[in-house]
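Q: Return atomic coordinates for the entry below.
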Amino acid sequence: MTKAGKVSYRVKVRIKGRPVQTATFERKTDTKNWAQDTESKIRNGKNFDVAEAKLLSIYAQL
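A: Just a heads-up that it's a prediction; the model follows:
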């Protein structure tokens, strides 16, 4: 719970050999859906490192 009294849910997806993916949501159902979707993408090779994505977006702006 935040200082303002809002509840937030944090989720981590940890798969051996892959970077940890984290997110924060206001609803628990969003947290579960994101975790399932992210885990599925990682296992199917459709997910990539967040740091790499940020770097690519910086280069795209140049």
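
Q: Identify each of the strands in the chain and give its residue range.
A: Counting by DSSP state E, the chain forms strands over residues 9-13, 21-25, given from the N-terminal end onward.

Q: ok, and what's touching the first one?
A: For strand 9-13, the external contacting residues (C-beta atoms under 8 Å, 6 or more residues apart in numbering) are 20-28, 30-32, 34-35, 38-39, 42. For glycine as for every other residue, the C-beta is placed from the backbone atoms N, C-alpha and C.

Q: which parts of that strand are buried?
A: Applying a neighbour-count criterion of 16 or more other C-beta atoms under 10 Å, one finds 11, 13 buried in strand 9-13.

Q: Equivalent analysis for stretch 18-31, please.
A: Residues of stretch 18-31 classed as buried: 21, 25, 31 (neighbour count, 16+ other C-beta under 10 Å).
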